[in-house]
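Participant: What shape does this take:
(chains A and B)
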Amino acid sequence: EQQVQQSPASLVLQEGENAELQCSFSIFTNQVQWFYQRPGGRLVSLLYNPSGTKQSGRLTSTTVIKERRSSLHISSSQITDSGTYLCAMEQSYYGGSGNKLIFGTGTLLSVKP
Amino acid sequence: EAAVTQSPRNKVAVTGGKVTLSCNQTNNHNNMYWYRQDTGHGLRLIHYSYGAGSTEKGDIPDGYKASRPSQENFSLILELATPSQTSVYFCASGDKGSGNTLYFGEGSRLIVV
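Facilitator: Residues are numbered from 1 along each chain as shown, chains lettered A, B, ... in the order given. Have a look, this model is predicted:
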C-alpha cells in the first residue's frame, strides 16, 4: 500500500498559469517536505512544512496535519518549473537523531510556452 | 551548499555479479540513506545509517547490504546482482541540524543484464 498518495499524476500548464499539487498520507506524520526533481536529476528540497502555510518565492505549501494532507501551490508557472514534484512524510526512527522520509510517486509537471 | 557525491554514475553489471555503489558527503551529517527510484513506485528506502559503524534496514532491504565505515562514506552492496535490481539509486544525507531536510546525490543508474 502506498502510504503517500499524490495527485494529479501529471499536469500540463501554459506558462503563467497556476498549479495546485496534492499530497495525502495513510498514516499520521508530523513533518512534510516537498522536493523537486528534473528528469534524470537529483532531488532538491523545496519546502519543509510541518504544519500551516509556508511560502518560498512562487511556492506556497499548506499542511493540515490532523487531516493528513498537504498541498503545493505554484504561482505564475514558468517553463523551468517543469519536472517532477515529490511529497514526502517523515517518520522518526528509534535510536537516531534524524528521520526517514517516505515518498509519494510524484506529480510530473510540464509547462508549455 | 551540502554536497553528496555518488559513484559510479552509470554501471552495467552481469547477473550474479557483485556491485558496490559508493556515496560521500562533506556535510558532517549523522544520517545517510540509500533509496531506489522506479517508475510507479517512487523512491523506496533500502538502508540507512545514523552514524559511522551503524546500518539499519529500510523498507526494501532484501538483496542489499550497506556499510558505513566513516561519517563521510556510505556504500550499498549488491552481493549477487539480479535484473530486478536494475534501477536508479540515490544516496542522501541529513540530520536535525540541517533543518530536517535531506541532501541528495545525483543518482547511480544500474543496469543488470
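
Participant: got any ranges where chain B has weak pLDDT?
Facilitator: B:1-2, B:96-100 (pLDDT under 70).

Participant: run the last query once more with 90
Facilitator: When residues are selected by pLDDT under 90, those of chain B lie in B:1-2, B:27, B:30, B:39-42, B:50, B:59, B:94-102.

Participant: Show me what from it comes close to chain A.
Facilitator: B:30-31, B:33, B:35, B:40-45, B:48, B:50-51, B:56, B:58-59, B:90, B:92, B:94-96, B:99-107 (C-beta under 8 Å from any C-beta of the partner chain). C-beta coordinates here come from the backbone N, C-alpha and C atoms, glycine included.

Participant: Let's see the ChimeraX selection covering just the buried ones among the residues you listed.
Facilitator: Remark: buried members of those, expressed as a ChimeraX selection using 16 or more other C-beta atoms under 10 Å in any protein chain shown:
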select /B:30,31,33,35,42,43,44,45,48,50,51,56,58,90,92,94,95,100,101,102,103,104,105,106,107
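
Participant: and the residues of chain B next to chain A, which of them are in strands?
Facilitator: Taking DSSP state E as the definition of strands, those contribute B:31, B:33, B:35, B:42-45, B:48, B:56, B:90, B:92, B:94, B:103-104.

Participant: ok, and does stretch A:34-49 reach over to chain B?
Facilitator: Yes. If you take C-beta under 8 Å from any C-beta as the test, stretch A:34-49 does meet chain B, through A:40-45, A:48.

Participant: which secondary element of chain A has the worst mean pLDDT?
Facilitator: Every helix and strand in chain A was compared by mean pLDDT, DSSP states H and E; the lowest is strand A:99-103, with a mean of 82.

Participant: now that strand and strand B:42-49, what's the angle there?
Facilitator: Counting by axes from the mean of the first three to the mean of the last three C-alpha atoms, to 10 degrees, strand A:99-103 points 160 degrees away from the direction of strand B:42-49.

Participant: and A:S56, how far is that from A:F35?
Facilitator: To A:F35, A:S56 is 13 Å away according to C-beta to C-beta, to the nearest Å.

Participant: Please disregard the earlier target; I meant A:T80.
Facilitator: 16 Å.

Participant: Likewise for B:N31?
Facilitator: For B:N31, the distance to A:F35 - C-beta to C-beta - is 16 Å.
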